[in-house]
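Engineer: Next one to model:
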Amino acid sequence: MNIKIGARIKDLRKRDDVTQEKLADALGVTSQAISKWESENGYPDIEYLTPIANFFNVTIDQLFDHDTAEKQKKIDEYCEQYDEMYREWKPSGERISIMRRALAEFPANEKLLVRLASALCWNWAEWNDEKFDGYSLIDGKWKHDVNKYRAHKGWEEPVNIMEELLASSVDESIRAECRDLLPRIYGAIGEKEKAVAMAAFCPDCKSRVLFGAFSGVYDDEARVYSQNLLLKSLCYLRIHLPSQTSDTVLKKQAIETLIKLFNFVFNDGNPEFYNAILEGLYIDYAELLIQENRIDEVFSALDKAYEYAKAFDVFLDKLRRNGEVKYTSPFVDSKKDISSEVYAKESVPVLLNNTLKEKNNTFYKKLSGDLRYKALIEHIEKDLAEKQ
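Structural biologist: Okay, here's the model as predicted:
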């Protein structure tokens with residue numbers, strides 16, 4: 001019998017804050033017997049081993065493994081040391097060395113393996129950045145050359161480690177780390193299908209995963225992914241950023257910044273579908289201006305909202321007729337806007353009836369006695385009548 005079984009029982013008892021008397025009552029022995037075991041002056045009979053393990057909710061193997069806690073402590077220390085090195089951005093080679101040393105002591109430990117894989121990924125990326133020309137002249141253009149990246153074998157070990165972890169680990173934090181790092185290598189070495197398949201398992205961060213996979217791969221497919229991420233990020237900010245604070249000044253600054261960002265992205269181009277986003281931004285902006293009683297600026301914002309609403313309806317009409325509409329920008333391009341938008345509602349009637357003429361709306365309550373408000377509504381109604 002393991003001569004340290006008594007010390008293990010004592011550790012478990014202290015862990016669960018159990019007295020010798022309580023353990024003795026559960027086992028049907030005296031507290032003196034428990035004391036005798038823990039002082040290594042005797043050992044429990046074999047018939048007590050299973051009840052002791054059940055009492056502390058451990059396996060028989062764990063009961064006899066007095067070093068389990070100490071092993072976990074050492075593993076945690078290795079992980080903390082690695083994490084501190086990572087935060088200080090110590091050379092990846094040093095991080096690899098410490099993880100190899102840790103794994104020699106604790107083979108196949110998942111926490112250590114995922115850190116080794118991460119260090120190997122960064123080592124491979126650093127080699128690419130500092131010592132490697134990963135581009136070739138292809139069809140008259142300098143393009144990412146997947147063959148060059150594949151030729152450098154530094155990617156194989158981290159890929160093998162992470163693929164095995166994804167297949168076996170039940171620790172979601174480890175799996176998430178693998179899903180974050182693997183697509184970056186897949187994209188670089190030309191395994192686009194694997195990168196896309198990986199992103200499909202990450203619905204909450206699909207765009208980020210794909211951007212990580214293709215951010216350094218300058219081909220048409222990669223460009224579309226990165227552009228989609230840019231536009232989706234702007235749309236997300238339009239929806240959520242103004243609601244993150246009750247500070248109206250800060251909200252205004254956020255909306256002003258978003259308007260500038262959209263105008264910067266599309267510059268002299270045509271936002272097409274994204275005219276609807278700009279319309280919404282100007283409506284939000286006008287509502288904030290009303291609270292400050294800056295009525296002249298409210299009307300300027302509403303005029304801009306109407307301008308973008310009309311532009312969206314023009315886009316919608318083209319989409320319904322042609323089934324494909326490209327937005328234009330010096331920074332982003334598109335093959336077509338989402339075909340499902342053909343079922344969208346026209347913006348101008350919604351702006352007129354649900355925003356301006358709605359009697360419970362902020363605008364109607366505050367502006368209904370202003371002649372400029374009446375003139376704006378009449379102007380929109382006339383435009384709609386002429387369109388029909």
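Engineer: can we go C-alpha only for contacts and neighbour counts from here?
Structural biologist: Noted.
Engineer: For this protein, name the helix or strand with the lowest mean pLDDT.
Structural biologist: Within the chain, confidence by mean pLDDT, DSSP states H and E is lowest for strand 135-138 among all helices and strands, at a mean of 51.
Engineer: can you list the weak-confidence ranges in the chain?
Structural biologist: In the predicted model, the chain carries pLDDT under 70 at residues 1-4, 65-69, 127-145, 202-230, 232-233, 236, 241-244, 333-344.
Engineer: What are the structural domain limits within it?
Structural biologist: 5-66, 69-214, 227-387 (automatic domain parsing).
Engineer: all helices of the stretch 151-300 of the chain, in order?
Structural biologist: 156-168, 172-189, 192-200, 206-214, 220-240, 248-266, 275-291, 295-322 (DSSP state H, counting those that start in this stretch).
Engineer: Could I get the contacting residues of Glu164?
Structural biologist: Under the criterion of C-alpha atoms under 8 Å, 6 or more residues apart in numbering, Glu164 has no neighbours.
Engineer: got it, and Trp37?
Structural biologist: Contacts here follow C-alpha under 8 Å, 6+ apart; on that basis Trp37 touches Ile5, Gly6, Tyr43, Pro44.
Engineer: ok, residues contacting stretch 76-83?
Structural biologist: Contacts of stretch 76-83 with the rest of the structure, by C-alpha under 8 Å, 6+ apart, involve Arg95, Ile98, Met99, Ala102, Lys111, Leu112, Arg115.
Engineer: Stretch 365-373 too?
Structural biologist: Contacts of stretch 365-373 (C-alpha under 8 Å, 6+ apart): Ile290, Phe299, Lys359, Lys374.
Engineer: deepest of the helices of the stretch 151-300 of the chain, which one?
Structural biologist: Mean neighbours per residue, mean count of other C-alpha atoms under 10 Å, is largest over the helices of the stretch 151-300 of the chain for helix 206-214, with a mean of 24.
Engineer: Can you measure across stretch 56-64, start residue to end residue?
Structural biologist: Using C-alpha to C-alpha, to the nearest Å, the gap from the first to the last residue of stretch 56-64 comes to 13 Å.
Engineer: Quick check: buried residues in it?
Structural biologist: Phe56, Leu63, Phe64 (16 or more other C-alpha atoms under 10 Å).
Engineer: Now intersect these with the helices, please.
Structural biologist: Leu63, Phe64 (DSSP state H).
Engineer: what would the buried residues of stretch 56-64 look like in TSV with distance to Gly369?
Structural biologist: Supplementary listing: those in TSV, determined by distance: C-alpha to C-alpha, whole Å:
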residue	distance to Gly369
Phe56	77
Leu63	82
Phe64	85
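Engineer: just the buried residues of stretch 56-64 now: which is nearest Ile259?
Structural biologist: Using C-alpha to C-alpha, Phe56 is the member of the buried residues of stretch 56-64 that lies nearest Ile259, at 61.1 Å.
Engineer: Make sure the closest one is actually in contact with Lys14.
Structural biologist: No. Judged on C-alpha atoms under 8 Å, Phe56 makes no contact with Lys14 at a distance of 10.7 Å.
Engineer: What is the neighbour count of Pro107?
Structural biologist: Other residues within reach of Pro107, judged by other C-alpha atoms under 10 Å, total 12.
Engineer: Now do the SS call for it.
Structural biologist: For Pro107, the secondary structure call by DSSP: H, G, I helix; E, B strand; the rest coil comes out as coil.
Engineer: quick one: it from Lys71, how far?
Structural biologist: Taking C-alpha to C-alpha, one finds Pro107 at 12 Å from Lys71.
Engineer: Asp61 too?
Structural biologist: 14 Å.
Engineer: Please apply the same query to Lys260.
Structural biologist: According to C-alpha to C-alpha, Lys260 stands 56 Å off from Lys71.
Engineer: same check, this time on Phe312
Structural biologist: Remark: distance between Phe312 and Lys71 (C-alpha to C-alpha) = 63 Å.
Engineer: do the same with Ala125
Structural biologist: Plainly put, Ala125 is 32 Å away from Lys71 if you go by C-alpha to C-alpha.
Engineer: Between the two, which has more neighbouring residues?
Structural biologist: Comparing Ala125 with Lys71 by other C-alpha under 10 Å, the one with more neighbours is Ala125, at 18 against 13.
Engineer: can I assume Tyr282 is in contact with Tyr306?
Structural biologist: No. Judged on C-alpha under 8 Å, Tyr282 makes no contact with Tyr306 at a distance of 9.0 Å.
Engineer: which SSE is Ile377 in?
Structural biologist: Under DSSP states H and E, the secondary-structure element containing Ile377 is helix 371-387.
Engineer: May I have that helix as PDB, with CA atoms only?
Structural biologist: Included here for helix 371-387 are C-alpha records, laid out as PDB according to Å, rounded to 0.1, in the frame of the first residue of the first chain:
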ATOM      1  CA  LEU A 371     -43.400  75.700 -41.100                       C
ATOM      2  CA  ARG A 372     -40.100  74.100 -42.200                       C
ATOM      3  CA  TYR A 373     -41.400  70.700 -40.800                       C
ATOM      4  CA  LYS A 374     -44.600  71.100 -42.800                       C
ATOM      5  CA  ALA A 375     -42.600  72.000 -45.900                       C
ATOM      6  CA  LEU A 376     -40.400  69.000 -45.600                       C
ATOM      7  CA  ILE A 377     -43.300  66.600 -45.300                       C
ATOM      8  CA  GLU A 378     -45.100  68.200 -48.300                       C
ATOM      9  CA  HIS A 379     -41.800  68.000 -50.300                       C
ATOM     10  CA  ILE A 380     -41.500  64.300 -49.600                       C
ATOM     11  CA  GLU A 381     -45.200  63.600 -50.400                       C
ATOM     12  CA  LYS A 382     -44.900  65.400 -53.700                       C
ATOM     13  CA  ASP A 383     -41.800  63.400 -54.600                       C
ATOM     14  CA  LEU A 384     -43.600  60.200 -53.800                       C
ATOM     15  CA  ALA A 385     -46.600  61.200 -55.900                       C
ATOM     16  CA  GLU A 386     -44.500  62.100 -58.900                       C
ATOM     17  CA  LYS A 387     -42.700  58.800 -58.600                       C
END
